[in-house]
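S.K.: need the 3D shape of this:
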Amino acid sequence: MGHIVDLPLRRMWPLAALLVLSQFTSSLGIHMDSVGSHSMFTCESIGLRMCQDLPYNTTFMPNLLNHYDQQTAALAMEPFHPMVNLQCSPDLRPFLCALYAPVCMEYGRVSLPCRSLCTDAKRDCQKLMDMFGVTWPEEMECSRFPDCDESYPRDVDLLVNEDPTDQSSMSVQRDYGFLCPRELKVEPELGYTFLGVRDCSPPCPNMYFRREELTFARYFIGVVSIVCLSATLFTFLTFLIDVTRFRYPERPIIFYAVCYMMVSLVFFLGFLLEDRVACNAANPSQYKRSTVTQGSHNKACTLLFMVLYFFTMAGSVWWVILTITWFLAAVPKWGSEAIEKKALLFHASAWGIPGMLTITLLALNKIEGDNISGVCFVGLYDVHTLRWFVLAPLCLDVLVGVSLLLAGIVALNRVRMEIPLEKENQDKLVKFMIRIGVFSVLYLVPLLAVVGCYLYEQTHRSVWETTWVQERCRDYHIPCPFQVEQTSRPDLVLFLMKYLMLLVVGIPSVFWVGSKKTCFEWAGFFHGRRRKDSGAVNESRQVLQEPDFAQSLLRDPNTPIIRKSRGTSTQGTSTHASSTHLAMLDDVRSKASSVHSKMSSYHGSLHRSRDARLCSVSRPQQDEQLSWQPASLQRRQVRSTAAQHSASNFMPRAPKYDDPLMLMHTVYSS
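M.R.: Modelled structure (predicted):
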């Protein structure tokens with residue numbers, strides 16, 4: 001057939017059309033005749049059109065060129081169909097079938113074609129191959145085959161395979177592992193990995209659940225994220241209305257709420273984006289399915305991962321810092337000012353540790369798309385990354401936080417049991433302890449549930465993956481697992497529980513800010529009665545609480561006001577008044593200041609001696625002073641004077657404290 005190449009060009013076009021038509025029909029015939037994939041690597045019937053009518057009719061996979069099914073082998077043989085149809089060499093078809101569909105023999109024995117068969121086929125078809133642009137593959141180099149001069153298959157090969165129907169003795173008793181199907185392969189420069197195989201990615205949608213299950217899960221996560229976002233946003237806005245209200249040791253609750261506000265926001269964005277960020281688009285022209293996004297090449301996925309992972313870890317660290325501040329207030333008896341001096345260290349730890357972990361994961365390129373929630377996280381398919389970057393930090397936070405929390409509660413309980421207090425003060429301390437316990441339980445139960453879900457997922461991940469490969473190996477035409485002992489599929493409830501508890505941990509912050517005081521502050525905010533100068537208002541309230549308000553008006557303006565620390569308030573309206581009352585006190589203080597200046601100038605002209613200053617003030621003068629005051633202040637002055645006279649006939653009572661921590665500090669110091 002070599003003279004075909006020397007034909008004039010004007011006579012070649014009918015031949016070229018015939019070759020194209022023959023190639024199309026042969027390819028169609030191969031796709032139609034290809035058999036399904038194998039499950040036990042036994043001898044299987046030859047389904048390749050090119051290798052029909054040979055002395056043997058069974059083959060095994062993977063073949064000598066490492067094709068793991070006959071469909072893959074058929075695709076690799078397509079370039080040689082024109083040469084086989086034109087019969088450029090009688091040795092070409094037996095040689096190709098010896099490589100792509102070798103004769104099935106007993107396990108451990110492989111029959112290779114002779115070198116002479118290879119050289120004759122290559123020599124006879126070289127010119128036709130050059131005309132069609134077909135190159136001889138490197139794995140088919142003739143030097144790789146034994147130096148002999150026999151046809152294929154040899155007689156001894158056919159004698160070994162006398163009864164091809166008895167396949168029990170010919171089963172390949174080994175597991176070839178996971179081979180990435182063509183539909184899931186990705187470009188090598190992306191650095192994807194799936195089931196330990198490089199340049200491979202998991203399929204989208206999720207490999208474990210159906211589409212209707214994924215739709216339900218996505219809407220479920222979206223609703224929960226909206227609830228958590230609303231709760232944490234309310235906590236943060238309450239803090240912004242009155243920043244001075246939440247001091248240490250309760251200030252970390254605000255930052256903890258901010259962290260989970262960002263976490264819920266990312267999950268809500270994942271609900272809106274669906275699979276557009278977590279999955280790569282399919283490419284049917286290249287037989288590519290939609291796959292899970294991995295690595296940092298997708299900027300949107302990288303941004304979602306950074307925000308979600310950073311604030312998830314930061315939220316758990318802020319909870320640990322909250323237990324540390326409670327411990328410092330309960331055991332060493334630190335005050336709010338002393339704890340607040342460590343705020344810089346708290347912020348450095350809460351934001352620095354998650355930041356370093358996030359940068360490490362970016363450097364390791366361990367980002368993975370979550371095709372259930374639509375976000376990007378870590379450890380969704382890589383169990384080692386899940387163990388060291390998610391489970392380990394969360395377990396450490398739980399251990400440290402619970403230890404400090406128990407120590408603080410024991411110290412508070414010892415104060416209540418061993419030191420006698422007035423009943424009202426003791427009730428406030430008990431209520432404070434109950435709030436700490438309830439808040440901690442509301443955080444710990446969801447967090448422990450999340451850790452439990454991660455542990456269960458890590459333990460059963462390998463079984464789920466093996467089951468998935470066994471169920472989909474025939475669809476993907478890849479080797480099925482050998483001797484699977486245990487199969488199981490994950491339950492959707494497990495994943496829904498994980499996402500629910502991951503978002504619910506941010507809701508307990510509402511429990512801490514929920515009080516009458518919060519209602520008063522929001523009412524004042526909506527009515528536009530916000531405080532303009534909290535320092536002046538607090539000073540006015542302290543002046544009004546002096547034993548003798550008239551004496552405070554007569555006090556020298558340069559004399560500082562000496563007051564006792566009242567600590568921080570965590571409930572009720574004990575530390576701050578409503579906005580309406582505060583506005584009235586601002587007006588009272590301005591009038592009291594003018595009266596004080598007038599009385600100071602009046603006493604400067606009458607009294608020259610500091611020791612006799614108060615003694616020279618007569619009762620009519622005091623009445624005259626009171627006549628200058630507003631009616632409300634006169635009534636307060638009368639009640640204050642009467643209270644002073646009646647108090648001399650009774651024993652002093654224990655002071656009442658608004659802040660349970662200040663109550664405990666005072667008891668210890670006394």
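
S.K.: where does the chain dip in pLDDT?
M.R.: 1-42, 106-109, 159-176, 416, 418-426, 428-430, 433, 529-670 (pLDDT under 70).

S.K.: domain assignment for it?
M.R.: The chain resolves into domains spanning 44-160, 202-517 when parsed by the TED database.

S.K.: for those domains, give me TSV that also has mean neighbour count and distance to Glu189.
M.R.: All C-beta spots, glycine's among them, are computed from the backbone N, C-alpha and C. Below are the domains of the chain laid out as TSV (neighbours: other CB atoms under 10 Å; distance: least, CB to CB, whole Å):
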stretch	mean neighbour count	distance to Glu189
domain 44-160	18	23
domain 202-517	18	9
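
S.K.: could I get the ones you listed as TSV with distance to Phe525?
M.R.: Output for the domains of the chain, formatted as TSV (distance: least, CB to CB, whole Å):
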stretch	distance to Phe525
domain 44-160	68
domain 202-517	5
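
S.K.: and Phe178, which of those domains is closest to it?
M.R.: Phe178 lies closest to domain 202-517 among the domains of the chain, at 6.0 Å (CB to CB).

S.K.: which one of the domains of the chain lies closest to Arg182?
M.R.: domain 202-517 (5.7 Å).

S.K.: do you know how far Glu78 is from Cys259?
M.R.: As for Glu78, its distance to Cys259 is 57 Å (criterion: CB to CB, to the nearest Å).

S.K.: returning to that earlier point: wait, which of the domains of the chain is closest to Val186?
M.R.: Once these are compared by CB to CB, domain 202-517 is nearest, at 6.4 Å.

S.K.: distance between the ends of that closest one?
M.R.: 52 Å (CA to CA, to the nearest Å).

S.K.: elements contacting the longest helix that the chain contains?
M.R.: Assignment by DSSP state H gives helix 423-476 as the longest helix of the chain. Packing contacts for helix 423-476, counted by 3 or more CB pairs under 8 Å, 6 or more residues apart in numbering; DSSP states H and E, involve helix 299-330, helix 383-386, helix 392-418, helix 492-504, helix 509-513, helix 660-669.

S.K.: Ile226: which of those helices is closest?
M.R.: Taking the helices and strands packed on helix 423-476 one by one with CB to CB, helix 492-504 is closest: 9.7 Å.

S.K.: contact partners of that closest one?
M.R.: 209, 213, 216-217, 220-221, 224-225, 227-228, 260, 263-264, 267, 312, 372-373, 446-447, 449-450, 453-454, 456-457 (CB atoms under 8 Å, 6 or more residues apart in numbering).

S.K.: hmm, back to that, so for Leu158, which of the helices and strands packed on helix 423-476 sits nearest?
M.R.: helix 383-386 (48.7 Å).

S.K.: can you give me the helices in the stretch 51-200 of the chain?
M.R.: Per DSSP state H, counting those that start in this stretch, the stretch 51-200 of the chain carries helices over the ranges 70-77, 81-85, 92-100, 115-132, 155-160.

S.K.: could these go into CSV alongside distance to Gly177?
M.R.: Below are the helices of the stretch 51-200 of the chain laid out as CSV (distance: least, CB to CB, whole Å):
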stretch, distance to Gly177
helix 70-77, 16
helix 81-85, 32
helix 92-100, 22
helix 115-132, 30
helix 155-160, 28
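
S.K.: and these: which comes nearest Pro393?
M.R.: helix 70-77 (43.7 Å).

S.K.: need the CA coordinates for that closest one. PDB is fine.
M.R.: C-alpha atoms of helix 70-77 as PDB (Å, rounded to 0.1, in the frame of the first residue of the first chain):
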ATOM      1  CA  GLN A  70     -11.900  -0.700  27.300                       C
ATOM      2  CA  GLN A  71     -13.600   2.700  26.700                       C
ATOM      3  CA  THR A  72     -10.400   4.500  27.600                       C
ATOM      4  CA  ALA A  73      -8.400   2.100  25.400                       C
ATOM      5  CA  ALA A  74     -10.700   2.700  22.500                       C
ATOM      6  CA  LEU A  75     -10.200   6.500  22.800                       C
ATOM      7  CA  ALA A  76      -6.400   6.000  22.800                       C
ATOM      8  CA  MET A  77      -6.600   3.800  19.600                       C
END
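
S.K.: tilt between it and helix 92-100?
M.R.: 130 degrees (axes from the mean of the first three to the mean of the last three CA atoms, to 10 degrees).

S.K.: just checking, what packs against helix 70-77?
M.R.: So helix 70-77, by 3+ CB pairs under 8 Å, 6+ apart, packs with helix 13-33, helix 92-100.

S.K.: among the helices of the stretch 51-200 of the chain, which is nearest Ile436?
M.R.: Between the helices of the stretch 51-200 of the chain, helix 70-77 lies closest to Ile436; by CB to CB that is 64.0 Å.

S.K.: re the thing from before, what's the closest of the helices of the stretch 51-200 of the chain to Pro205?
M.R.: Of the helices of the stretch 51-200 of the chain, nearest to Pro205 by CB to CB is helix 70-77, at 24.5 Å.

S.K.: need the helices and strands packed on helix 423-476 in JSON lines with distance to Arg182, can you?
M.R.: Formatted as JSON lines, the helices and strands packed on helix 423-476 follow (distance: least, CB to CB, whole Å):
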{"stretch": "helix 299-330", "distance to Arg182": "24"}
{"stretch": "helix 383-386", "distance to Arg182": "26"}
{"stretch": "helix 392-418", "distance to Arg182": "37"}
{"stretch": "helix 492-504", "distance to Arg182": "29"}
{"stretch": "helix 509-513", "distance to Arg182": "50"}
{"stretch": "helix 660-669", "distance to Arg182": "66"}
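
S.K.: for these, which one sits closest to Val463?
M.R.: helix 383-386 (12.0 Å).

S.K.: who touches that closest one?
M.R.: Contacts for helix 383-386 (CB under 8 Å, 6+ apart): Leu361, Leu364, Lys366, Val378, Gly379, Leu380, Tyr454, Glu457, Gln458, Arg461, Ser462.

S.K.: no further queries at this time; thank you.
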